[in-house]
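Turn this into a structure:
(one chain, ligands or ions: 2)
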Amino acid sequence: MQVQVVDYRAADAAEQFTRSLHETGFGVLVNHPIEQARVEKIYADWLSFFNSDEKQQFAFSKETQDGYFSTAISETAKGAALRDIKEYFHYYPWGRVPPALQAEAQAYFEQANGLAQELLSWVERFTPPQIARHYREPLSHMIEDSKLTLLRVLRYPPLTGQEPAGALRAAAHGDINLLTILPAANEPGLQVQGRDGAWFDVPCDFGMLIINIGDMLQEASQGYYPSTQHRVVNPTGDGAKRSRISLPLFLHPRNEVVLSDRYTADEYLQERLRELGVKT
Ligand SMILES: O=C(O)CCC(=O)C(=O)O
Ligand SMILES: [Fe+2]
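Residues are numbered from 1 along each chain as shown. Ligands and ions are numbered 1, 2, ... in the order given. Sure thing, here's the model as predicted:
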């Protein structure tokens with residue numbers, strides 16, 4: 001399985017990139033407009049936040065899903081037996097956030113959301129007509145004024161050796177949303193599953209941007225764009241002593257968007273959150 005690394009500035013970038021999404025569910029961009037210095041500053045500032053007690057004041061709300069999710073309540077991937085070894089914060093522009101981190105989180109959110117919208121328009125443009133006719137509205141409309149798009153800041157703590165046997169930083173899962181965009185993390189570990197079940201490292205040189213299809217877009221495109229299983233494996237050696245920080249933006253449609261004959265976006269999301277154990 002070969003996830004394509006595509007130059008965002010190439011004349012045929014949209015075509016190459018959407019082909020990789022169709023074939024693998026993943027695509028990787030270089031020379032994209034997201035500022036690396038901003039990403040690095042967010043990694044450093046949020047690592048300090050996760051290392052402080054301040055996080056305890058932001059315990060997430062089951063109702064609204066914003067705030068801090070500790071390792072003790074961290075999600076269990078659908079079908080997995082063990083919790084992921086991670087803690088994370090869900091940032092929404094309307095949600096709670098440590099005041100000192102608000103401006104840079106919002107600036108990143110806007111920049112990444114703008115790029116994600118452009119990439120979604122590429123996805124739409126390169127959808128074959130026999131698939132596109134099933135879209136109930138243009139993909140770019142589905143996310144307009146959505147209150148559900150969210151920035152997740154993840155921190156995978158150093159390993160202690162006390163982790164339950166078989167637990168992973170992130171067990172194999174598909175993302176729930178339409179499209180995810182993810183700057184390469186500060187440490188390796190992200191893998192994607194091929195059709196034959198084998199796992200492959202996702203290209204993740206610092207500065208690359210990784211994009212993947214979520215379950216909602218797989219549903220709306222009748223599988224033309226597959227939501228591929230991915231995971232974050234545990235480091236060995238010196239890497240095990242270091243935290244890993246990553247920063248996915250999950251592009252979500254408005255609640256009332258009809259994805260298919262089977263689901264609206266809201267029905268789909270509620271079902272999945274219950275399965276993850278973060279909603280009653
Ligand atoms: O940390 C990563 O590299 C990936 C995280 C991820 O797949 C997720 O949070 O859905
Ligand atoms: Fe994911």
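
Please pull out the lowest mean pLDDT helix or strand from the chain.
Counting by mean pLDDT, DSSP states H and E, the weakest-scoring helix or strand in the chain turns out to be helix 265-276, with a mean of 89.

Would you mark the buried spots in that one?
When neighbours are counted by 16 or more other CB atoms under 10 Å, the buried residues of helix 265-276 are found to be A265, Y268, L269, R272, L273. Any C-beta I mention is one placed from the backbone N, CA and C, and that applies to glycine too.

is it possible to export those to TSV including distance to ligand 1?
Compiled in TSV, those are given as follows (distance: CB to the nearest ligand atom, whole Å):
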residue	distance to ligand 1
A265	18
Y268	16
L269	14
R272	12
L273	13
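
From W199, how far off is T228?
Plainly put, T228 is 11 Å away from W199 if you go by CB to CB, to the nearest Å.

hey, what's the residue of the chain found nearest ligand 1 bridged with?
Closest to ligand 1 within the chain is S246: 3.4 Å, counting by CB to the nearest ligand atom. Applying DSSP bridges to S246 gives these bridge partners: L154.

swap in F250?
Beta bridges link F250 to L150, T180, judged by DSSP bridges.

what does H230 give?
Taking DSSP bridges, one obtains H173, V192 as the residues bridged to H230.

one step back: number of residues surrounding the residue of the chain closest to ligand 1?
Burial of S246, expressed as a neighbour count using other CB atoms under 10 Å, amounts to 25.

That one touches L182, doesn't it?
Yes - the pair S246 / L182 is scored as a contact, 6.4 Å apart, by CB atoms under 8 Å.

still on that earlier bit, which of T228 and W199 has more neighbours?
Just comparing T228 and W199: by other CB under 10 Å the higher neighbour count belongs to T228, 23 against 15.

what sits against the more buried one?
T24, G25, F26, G174, V192, Q193, N212, I213 (CB atoms under 8 Å, 6 or more residues apart in numbering).

re the thing from before, common neighbours of S246 and L182, please.
For the pair S246 and L182, residues contacting each of them under the criterion CB under 8 Å, 6+ apart are L190.

what about the nearest residue to G189 once chain neighbours are set aside, how many neighbours?
Distances taken as CB to CB, 6 or more residues apart in numbering place V232 nearest to G189, at 4.5 Å, with adjacent residues excluded. With neighbours defined by other CB under 10 Å, the count for V232 comes to 24.

What's the per-residue pLDDT of V232 here?
Among the per-residue scores, V232 holds a pLDDT of 98.

where does it sit relative to Y263, distance-wise?
Relative to Y263, V232 is positioned 27 Å away (CB to CB).

Cross-check the contacts of T228 against ligand 1 and keep the overlap.
Contacts with ligand 1 within the contacts of T228, as defined by CB under 6 Å from any ligand atom: none are present.

does Y88 sit in a helix, a strand or a coil?
For Y88, the assignment made with DSSP: H, G, I helix; E, B strand; the rest coil gives strand.

thought it was touching L151?
No - using CB under 8 Å, Y88 is not in contact with L151, being 10.3 Å away.

Near ligand 1, which residues of the chain are found?
R152, L154, A170, D175, L182, A185, L190, H230, V232, S246, P248.

Surely the fifth one is within a strand?
Yes - membership of L182 in a strand is supported by three-state DSSP.
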